[in-house]
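**Student:** Next comes the sequence, and after it the predicted model I'd like to discuss.
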Amino acid sequence: SHAQARILLAYEPFTLTLHGHGVGDATSHVFKTETQKLLHIVANSLYSEKEVFVRELVSNAADALEKLRYMRMSGATSDAAGDAPLEIRLFVDPEAKTFTIQDTGVGMTEQELNDHLGTIARSGSKSFIERLEESGNKNADAREKIIGQFGVGFYSSFMVGDRVRVYTRSAQPDAKGYCWSSDGTGAYTIAEAEHVDVGTKIVVELRDQCLEFADRAKIEGIVFKYSNFVGFPIYLNGKKINTVEALWTMASGDKSSISDEQHTEFYRFVASTWDRPRFRLHYKTDAPLSINSLLYVPGNHAEQFGMERMDPGVSLYSRKVLIQSKSAALLPGWLRFVKGVIDSEDIPLNLSREMLQDSALIKRLRDVMTQRICKWLEEEARRNPEKYNLFARDFGVFLKEGVCTDASHKDAIGKLLRFESSALEKGKVTSFKEYIARMPESQAAIYYLCVPNREYGDESPYSERFKQQNIEILYLYDSVDEFVMHNLGQVADKPLVSIDSQEALKALTT
Ligand SMILES: Nc1nc(Cl)c2cnn(Cc3ccc(Br)cc3F)c2n1
């Protein structure tokens, strides 16, 4: 009973045991006002879905493991810090209504436990928090900056927990174990604790309306969705639950250790399909922002059978943690056939869907990726024209949609188009570039004719006269082609002219 516990506590500081740790006298601390406001925002309105608290805690655990891995590699740890395996252990206990995550990472000192709150308040400075509150928490960029701070994510555990305890011991030599405890409202306590391994263990006592997070299958699903590629083994009640390598973080290029089979397996995982990719791009850059992407063009696509419009195929990660699955914000709609992953460290975690749409960072990312994909497809066309021409036949519908909807990239997309021509036999296709290379210097325009098929093209009265004057005509069979030509207007300063137009007929008479 309380009386007995009080009596026992009076005699032996370590009689109170919690979660297997002897917890000593606690000192109480009050959150600074700024911190208070920030924590209230984080615990109540910052995140679109409660389940992301799992991702936040797993990400912090992975960062802590990364730090310890680096310390061990650079010989910065004493053997006192031990050599426990670098791993993340999750435990759910429906009876106790607790969700627990433990990492064997660097852990925190008492100083860090106290400082941490301060740094958040200082970095999430007054103006930020006020601006955030004024804009009713809708200012995307301000939210991004606040969220970016390391560890803010920890406070998301108060979305689902009415009490959170943190048992932690730093990997620094002679560090003691501590127990931090709070209900996330105004204050927290810190006490020394016994039997704390190096690393951090966070025990969330779940609110009555959040007991789903004590369900094994639920947690397994959340980890699979957001944290499947975290670079450390994740165990749930003792069973390993993450499996697939974050392929995009491995070496790329010819020295790459990644086999075609691994790519195909990864492609099938991210594209949730069973075909083989036609093309693959492993693109990394640090400027204008950090990008590590692994993209695939699929073997076939659902829309070719008249199925409904495909979902976007590329997911956004930040340091191997899922930010948004199949995000429509990452690439323009016409590139929805591309499958894969874009990982950028510059994107702070827990961006909600609407924030992704209008964030300046995402707009820049989208532009860089679109340009790079156009360049990639041009390279594939040079590398293997036949294979590329099959792609242009099967995916031309997307490219043409791009010319008509993505004005800032329409010229780059124009280079990717392929058409039949009066100069080539039926079934063969050519590019604008090849057409221009064949035409005489004196020819002022690129001529085309929209017809249902090759036969109509050859028999058209218009084309007869052009062929007599040995002028090549591009034959366009798709209904959208007229709009494509109209949107392109010209290629390499040569106007695109339909041979059944007045302009073309004038050209003939001269
Ligand atoms: N797992 C893990 N490991 C490490 Cl080394 C750190 C450092 N900061 N954080 C976030 C955080 C900050 C304050 C409190 Br109280 C709890 C908390 F999880 C960490 N989480």
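**Tutor:** Done, it's in.

**Student:** residue ranges with poor pLDDT in the stretch 301-450 of the chain?
**Tutor:** Within the stretch 301-450 of the chain, the segments meeting pLDDT under 70 span 349-354.

**Student:** Tell me where it has helices.
**Tutor:** Along the stretch 301-450 of the chain, the stretches classed as helices by DSSP state H, counting those that start in this stretch are 353-357, 360-383, 385-405, 410-414, 432-438.

**Student:** Need the winner for burial among those helices.
**Tutor:** Across these, averaging neighbours per residue (mean count of other CB atoms under 10 Å) puts helix 410-414 on top, at a mean of 20. In this view, the C-beta of every residue, glycine as well, is placed from N, C-alpha and C.

**Student:** And that one, how far out from the chain middle?
**Tutor:** 26 Å (CA atoms, centre = their mean, to the nearest Å).

**Student:** could you dump it to PDB, C-alpha only?
**Tutor:** Output of helix 410-414 as PDB, limited to C-alpha atoms (Å, rounded to 0.1, in the frame of the first residue of the first chain):
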ATOM      1  CA  LYS A 410       7.900  20.400 -72.100                       C
ATOM      2  CA  ASP A 411      11.100  20.900 -74.200                       C
ATOM      3  CA  ALA A 412      13.000  18.300 -72.300                       C
ATOM      4  CA  ILE A 413      10.100  15.900 -72.700                       C
ATOM      5  CA  GLY A 414       9.800  16.700 -76.400                       C
END
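
**Student:** Could you list every helix and strand that it packs against?
**Tutor:** Contacts defined by 3 or more CB pairs under 8 Å, 6 or more residues apart in numbering; DSSP states H and E place helix 410-414 against helix 360-383, helix 385-405, helix 481-488.

**Student:** picking that back up, can I get the helices of the stretch 301-450 of the chain in JSON lines with distance to Val203?
**Tutor:** Below are the helices of the stretch 301-450 of the chain laid out as JSON lines (distance: least, CB to CB, whole Å):
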{"stretch": "helix 353-357", "distance to Val203": "30"}
{"stretch": "helix 360-383", "distance to Val203": "35"}
{"stretch": "helix 385-405", "distance to Val203": "50"}
{"stretch": "helix 410-414", "distance to Val203": "53"}
{"stretch": "helix 432-438", "distance to Val203": "64"}
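
**Student:** Of the ones you listed, which is nearest Met307?
**Tutor:** Nearest to Met307 among the helices of the stretch 301-450 of the chain is helix 385-405; the distance by CB to CB comes to 12.7 Å.

**Student:** For Arg69, what is the enclosing helix or strand?
**Tutor:** helix 52-73 (DSSP states H and E).

**Student:** one step back: so can I have CSV of the helices and strands packed on helix 410-414 showing distance to the ligand?
**Tutor:** CSV is the format used below for those (distance: least, CB to the nearest ligand atom, whole Å):
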stretch, distance to the ligand
helix 360-383, 23
helix 385-405, 43
helix 481-488, 51
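
**Student:** hmm, back to that, now whichever helix or strand comes after the helix holding Arg69: buried residues?
**Tutor:** Using DSSP H and E, the helix or strand that follows helix 52-73 towards the C-terminus is strand 88-93. Buried positions in strand 88-93, judged by neighbour count with 16 or more other CB atoms under 10 Å: 88-92.

**Student:** interface residues of this structure facing the ligand?
**Tutor:** 60-61, 64, 103, 105-108, 113, 116, 151, 154, 166, 180, 200 (CB under 6 Å from any ligand atom).

**Student:** and which of these is nearest to Gly24?
**Tutor:** Trp180 (12.9 Å).

**Student:** Just list whatever residues bridge to Gly22.
**Tutor:** In this entry, Gly22 is beta-bridged to Thr17, by DSSP bridges.

**Student:** swap in the one 5 residues further on?
**Tutor:** For Thr27, the beta-bridge partners are Ile190 (DSSP bridges).

**Student:** Centre of the chain to stretch 356-364, how far?
**Tutor:** Relative to its chain's centre, stretch 356-364 lies at 13 Å (CA atoms, centre = their mean).

**Student:** Straight-line length of it, end to end?
**Tutor:** Stretch 356-364 has an end-to-end distance of 12 Å (CA to CA, to the nearest Å).

**Student:** again with stretch 261-279
**Tutor:** 14 Å.

**Student:** picking up where we left off before, where does the helix holding Arg69 sit relative to the chain's centre, distance-wise?
**Tutor:** From the chain centre to the centre of helix 52-73 is a distance of 18 Å (CA atoms, centre = their mean).

**Student:** Pull it out as PDB, backbone CA atoms only.
**Tutor:** Provided in PDB are the C-alpha atoms of helix 52-73 (Å, rounded to 0.1, in the frame of the first residue of the first chain):
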ATOM      1  CA  VAL A  52       3.700   8.400 -36.300                       C
ATOM      2  CA  PHE A  53       5.000   8.400 -32.700                       C
ATOM      3  CA  VAL A  54       6.300   4.900 -33.400                       C
ATOM      4  CA  ARG A  55       8.300   6.300 -36.400                       C
ATOM      5  CA  GLU A  56       9.600   9.200 -34.300                       C
ATOM      6  CA  LEU A  57      10.800   7.000 -31.400                       C
ATOM      7  CA  VAL A  58      12.300   4.400 -33.900                       C
ATOM      8  CA  SER A  59      14.100   7.300 -35.700                       C
ATOM      9  CA  ASN A  60      15.600   8.600 -32.500                       C
ATOM     10  CA  ALA A  61      16.700   5.100 -31.500                       C
ATOM     11  CA  ALA A  62      18.300   4.600 -35.000                       C
ATOM     12  CA  ASP A  63      20.100   8.000 -34.600                       C
ATOM     13  CA  ALA A  64      21.400   7.000 -31.200                       C
ATOM     14  CA  LEU A  65      22.600   3.600 -32.600                       C
ATOM     15  CA  GLU A  66      24.200   5.400 -35.500                       C
ATOM     16  CA  LYS A  67      26.100   7.700 -33.100                       C
ATOM     17  CA  LEU A  68      27.300   4.700 -31.000                       C
ATOM     18  CA  ARG A  69      28.300   2.800 -34.200                       C
ATOM     19  CA  TYR A  70      30.400   5.800 -35.200                       C
ATOM     20  CA  MET A  71      31.900   6.100 -31.700                       C
ATOM     21  CA  ARG A  72      32.900   2.400 -31.700                       C
ATOM     22  CA  MET A  73      34.300   2.700 -35.200                       C
END
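
**Student:** Compute the inter-axis angle for that helix and strand 88-93.
**Tutor:** Helix 52-73 and strand 88-93 are oriented at 150 degrees to each other (axes from the mean of the first three to the mean of the last three CA atoms, to 10 degrees).

**Student:** For helix 52-73, the averaged confidence score.
**Tutor:** For helix 52-73, the mean pLDDT works out to 90.

**Student:** counting contacts, what elements does it pack onto?
**Tutor:** Using 3+ CB pairs under 8 Å, 6+ apart, helix 52-73 sits against strand 88-93, strand 98-103, helix 157-160, strand 199-206, helix 216-226, strand 321-324.

**Student:** Which one of the buried residues of strand 88-93 is nearest to the ligand?
**Tutor:** Ile88 (9.0 Å; CB to the nearest ligand atom).

**Student:** For that closest one, name its beta-bridge partners.
**Tutor:** Counting by DSSP bridges, Ile88 is bridged to Asp103, Ile234.

**Student:** And Tyr226, how far from His19?
**Tutor:** Distance, Tyr226 to His19, using CB to CB, to the nearest Å: 25 Å.

**Student:** who's more crowded, the two?
**Tutor:** Tyr226 (24 against 16; other CB atoms under 10 Å).

**Student:** Enumerate every residue touching the more buried one.
**Tutor:** Counting by CB atoms under 8 Å, 6 or more residues apart in numbering, Tyr226 touches 52, 54-55, 58, 321-322.
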